[in-house]
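S.K.: need a structure here:
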Amino acid sequence: MEMRKVQQVGHATLTVSLPRNWVKDLGIKRGDLIVFIPQENGSLSIMPSNLIKRKEKGEKVIINSDLCNEPGVIERLIIGNYILGFDIIQIVSSKRISTQQMNEIRESIKKLIGLGIIEETTSQVVIQCSIDPEKFLLPSTLRRLYSIASTMHEEAIKSLINSDLEMAKEVINKENEANTIYWLILRILYLAQRNREIAKKVGIKKQTEILEYKLIAHFLERIADWGENMAKSIIPIVSSKVKLPKRLIEKIHQLSDFAYSLCYKAMECIHTHDINLANSVINAFESTIELKDNELIKELPIQAPTCIVYLARILWGIRRISELAAEIAEVSIDKALESPSKLCERYEM
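M.R.: This is a model prediction of the structure:
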């Protein structure tokens, strides 16, 4: 940290000299334009105008495929750099990009919104992201992720009740859609963290909301994962054609509906800032879900040992979804406490 005195030049102009090392590092010269950006906390950010122009052109990353020896590395690097906000992702090789790596490149493009190949040779692939993050309001995009995750949860249990194999398979396929929206949200959040203008346009009012939205998106993505896991456990049960006790199926259905309602209420708390409702979600998970879950475990049919394992996994999935709802509710309480209310009034000491 460096401190400098404010000096007066003329009758009305106040000036502060720029730190020499900072000027030298950025190559600032006489006559260059400096941009001043007021911050919400009263501070002032300054940067050379050439940095602003550089950001407008977008950023590029080069991936060296020669160093990506393990399967899946190329795909994970593309997804990671997409999330970090890079507009151009270039994959290069000193020899030839392998067939496996090319397949990974094409598969990753299918999973990410706005990506497309603009140049391709045997030793180089250039991918460009054409998406405009400012067109995606974060609250509504988060709602979209919740809609996918909750549908996966609901339809997984319906496939068990109706012994519907096709519906269970559709739930598994929806997991890719959930990942696509999740990665888009992360990209928007990273860009919003670096650019306050983007943050405002996507619906972020405070910097603290970036962490909150990231946590909520992560919890919703995990709910989608558990929906997929339940569907994968339901397929062998339905395929085995074992007739499960009707009373047991009804109880699993009721427990699932209860978990579904917790998720719905938790998401409502994010928008309504209802702390009492959020607290009731957390209490319901801690008291009700655990008790009912343990009761149902004891009712699993001993005469169908293969199904017991899969049914236990389904019950664990319902429990985990309920727990994630409680975690969303906890984040909503933190979010609500950022603003003064009748529940928590603030006074200066």
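
S.K.: Low-confidence regions, the stretch 1-150 of the chain specifically.
M.R.: 1, 10-12, 37-42, 49-58 (pLDDT under 70).

S.K.: the strands in it, which residues?
M.R.: 7-9, 13-15, 34-38, 44-48, 60-64, 88-92, 115-120, 124-129 (DSSP state E, counting those that start in this stretch).

S.K.: do you know which of these lies nearest residue 322?
M.R.: With respect to residue 322, and counting by C-beta to C-beta, the nearest of the strands of the stretch 1-150 of the chain is strand 115-120 at 35.1 Å. Using the backbone N, CA and C atoms, a C-beta is placed for each residue, glycine as well.

S.K.: Now do the closest one: everything it contacts.
M.R.: Applying C-beta atoms under 8 Å, 6 or more residues apart in numbering, the external contacts of strand 115-120 come out as 78, 82, 89, 105, 108-109, 125-130.

S.K.: one more time with 7 Å, if that's ok
M.R.: For strand 115-120, contacts defined as C-beta atoms under 7 Å, 6 or more residues apart in numbering pick out 82, 109, 125-130.

S.K.: Using neighbour counts, trim those to the buried set.
M.R.: By neighbour count, with 16 or more other C-beta atoms under 10 Å, the contacts of strand 115-120 hold 82, 109, 125-129 as buried.

S.K.: out of those residues, who's nearest residue 179?
M.R.: Residue 179 has its nearest neighbour among the buried ones among the contacts of strand 115-120 in residue 82, at 11.7 Å by C-beta to C-beta.

S.K.: Return the distance of the spatially closest residue to that closest one that is not a sequence neighbour relative to residue 266.
M.R.: In this structure, residue 82 finds its nearest non-sequential neighbour in residue 112, 5.2 Å apart by C-beta to C-beta, 6 or more residues apart in numbering. Distance, residue 112 to residue 266, using C-beta to C-beta, to the nearest Å: 28 Å.

S.K.: tell me the contacts of residue 17?
M.R.: residue 4.

S.K.: State the distance from it to residue 94.
M.R.: According to C-beta to C-beta, residue 17 and residue 94 sit 48 Å apart.

S.K.: try residue 190
M.R.: Noted for residue 190: a distance of 30 Å to residue 94, by C-beta to C-beta.

S.K.: Using TSV, lay out the strands of the stretch 1-150 of the chain together with distance to residue 237.
M.R.: Shown next, in TSV, are those (distance: least, C-beta to C-beta, whole Å):
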stretch	distance to residue 237
strand 7-9	78
strand 13-15	75
strand 34-38	58
strand 44-48	58
strand 60-64	42
strand 88-92	42
strand 115-120	38
strand 124-129	41
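
S.K.: right, so of those, which gets closest to residue 196?
M.R.: Of all these, strand 34-38 sits nearest to residue 196, with 7.4 Å by C-beta to C-beta.

S.K.: What ranges does the stretch 151-300 of the chain have for its helices?
M.R.: Using DSSP state H, counting those that start in this stretch, the helices of the stretch 151-300 of the chain run over 165-194, 196-201, 208-240, 246-272, 275-284, 290-298.

S.K.: among these, which gets the worst mean confidence?
M.R.: In terms of average pLDDT, helix 290-298 trails the rest of those, at a mean of 66.

S.K.: quick one, the next helix-or-strand element following it and helix 208-240 angle?
M.R.: Next helix or strand after helix 290-298 toward the C-terminus (DSSP states H and E): helix 305-336. Helix 305-336 runs at 170 degrees relative to helix 208-240, counting by axes from the mean of the first three to the mean of the last three C-alpha atoms, to 10 degrees.

S.K.: could you give the mean pLDDT of helix 305-336?
M.R.: Helix 305-336 comes out with an average pLDDT of 91.

S.K.: What count of nearby residues applies to residue 324?
M.R.: 25 (other C-beta atoms under 10 Å).

S.K.: That one contacts residue 219, correct?
M.R.: Yes - taking contacts as C-beta atoms under 7 Å, residue 324 lies within contact range of residue 219: 4.6 Å.

S.K.: Give me the common contacts of these two.
M.R.: What both residue 324 and residue 219 touch, as defined by C-beta under 7 Å, 6+ apart, is an empty set.

S.K.: roughly how far is stretch 95-110 from the heart of the chain?
M.R.: Between the centre of stretch 95-110 and the centre of its chain there are 25 Å (C-alpha atoms, centre = their mean, to the nearest Å).

S.K.: Could you check it and say which residues are buried?
M.R.: For stretch 95-110, by 16+ other C-beta under 10 Å, it's 97, 101-102, 104-105, 108-109.

S.K.: As CSV, those residues with distance to residue 249 would be great.
M.R.: Written out in CSV, the entries for these read as follows (distance: C-beta to C-beta, whole Å):
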residue, distance to residue 249
97, 51
101, 46
102, 46
104, 41
105, 44
108, 39
109, 41
